[in-house]
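*Asks:* task: produce atomic coordinates for the following.
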Amino acid sequence: MTAFATTTLADTARLYAEAAAQAVAETLWPTRCAICDEPGELLCERCRSELPFIDLWRACPICGAPWGHTQCTECNPVMLAATGRKAVAFSSLVSPFELTESSRRIAVVYKDGGEQRLATEMARYMARYLSPEIASEVAGVTFVPASRKARARRGFDHAKLLAQEVALVIGRPVIPLLSPPCAHDQRALSRRARMGNMAHAVSALPGASAPESILLIDDVCTTGATLFAACDAIREAGGRTVHCLTFARA
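*Replies:* Sure, this is the predicted structure:
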């Protein structure tokens, strides 16, 4: 009984200490909107209302291109052939937002600004766009780990944290399957060059065995090169169905 009381008091003291630390931090460094930088909330109401939501009725049902429902210019055979692919590597890709200045700003503040609290906000938006059928089908959630250099620079793995938050919302476990990618910086490369740069750059962890159906998480999708490489690696590890979910998509 005494041990139980001591533990309770210790836990209570820890909670008070954490609350006090948060209050001090909020006083010295007040929370600001990730988009407009106004103090108060991580995302203010005005910026939330102006977020570039993707209309799923107009988006491609396969690759998630925002305007590709009738005739997709991103995953048709001609475009895929231009990047050296015969087919998309995933079963589906969905994103709540188009990659615009505002959604990109959220991703940058999260990853490079160190505002890890945004992971919860981002994950909630992402999970809402995931169909109940896919959420119940997948055995777990996985992610493409940040490179060792990026992880050292940021102090955390942005993809892992985002995957953990999404997994918490949909009630599925996080299943690490992939090694950090080994590729050159892609920011100045064309789509075809990115595909070539990422080909075989992502591999499964030694001994990893992927479940039949898995949900792959990333923050943004620009050309799809990283997702394609990750899906290839997951399939090589035994996965058959890979659904992808990102916060924003070009």
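
*Asks:* assign a three-state SS to the closest residue to Leu168 other than its chain neighbours, would you?
*Replies:* Distance criterion CB to CB, 6 or more residues apart in numbering; nearest residue to Leu168, sequence neighbours excluded, is Ala123 at 7.4 Å. No exception for glycine: its C-beta is placed from N, CA and C like everyone else's. State at Ala123, reduced to three classes by DSSP: H, G, I helix; E, B strand; the rest coil: helix.

*Asks:* in this structure, which spans are strands?
*Replies:* 92-94, 97-98, 141-143, 213-221, 241-249 (DSSP state E).

*Asks:* highest mean neighbour count out of those strands?
*Replies:* For the strands of the chain, the largest average neighbour count (mean count of other CB atoms under 10 Å) is found in strand 141-143, namely a mean of 27.

*Asks:* quick one: residues in contact with stretch 31-41.
*Replies:* For stretch 31-41, the surrounding residues in contact (CB atoms under 8 Å, 6 or more residues apart in numbering) are 30, 42-44, 46-47, 102, 105-106, 109-110, 113, 115, 118.

*Asks:* now, those residues that are in helices?
*Replies:* Arg46, Cys47, Ser102, Arg105, Ile106, Val109, Tyr110, Leu118 (DSSP state H).

*Asks:* tell me what Ala248 is bridged to.
*Replies:* Beta bridges link Ala248 to Phe97, Val220, judged by DSSP bridges.

*Asks:* ok so, going back, neighbour-wise, which one of the contacts of stretch 31-41 leads?
*Replies:* Counting neighbours by other CB atoms under 10 Å, Ile106 comes out on top of the contacts of stretch 31-41 with 27 neighbours.

*Asks:* so where do the helices sit in this protein?
*Replies:* Taking DSSP H, the helices of the chain run over residues 2-28, 45-49, 77-82, 101-111, 118-129, 132-137, 148-154, 158-170, 191-198, 225-236.

*Asks:* how far off centre is stretch 88-98?
*Replies:* 11 Å (CA atoms, centre = their mean, to the nearest Å).

*Asks:* that older thread, can you list the contacts of stretch 31-41 in TSV and add distance to Phe156 and pLDDT?
*Replies:* Formatted as TSV, the contacts of stretch 31-41 follow (distance: CB to CB, whole Å; pLDDT from 0 to 100):
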residue	distance to Phe156	pLDDT
Pro30	22	85
Leu42	17	97
Leu43	20	98
Cys44	24	98
Arg46	29	98
Cys47	24	98
Ser102	23	98
Arg105	19	98
Ile106	16	98
Val109	14	98
Tyr110	10	98
Gly113	12	95
Glu115	11	96
Leu118	12	98
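
*Asks:* need the max-distance pair from the residues you listed.
*Replies:* The largest separation in the contacts of stretch 31-41, counting by CB to CB, is between Pro30 and Ser102 at 20.8 Å.

*Asks:* picking that back up, mind checking how far the residue nearest to Leu168 is from Tyr129?
*Replies:* 11 Å (CB to CB, to the nearest Å).

*Asks:* which of the two has more residues huddled nearby?
*Replies:* Set Ala123 next to Tyr129 and count neighbours by other CB under 10 Å: Ala123 wins out with 23 against 18.
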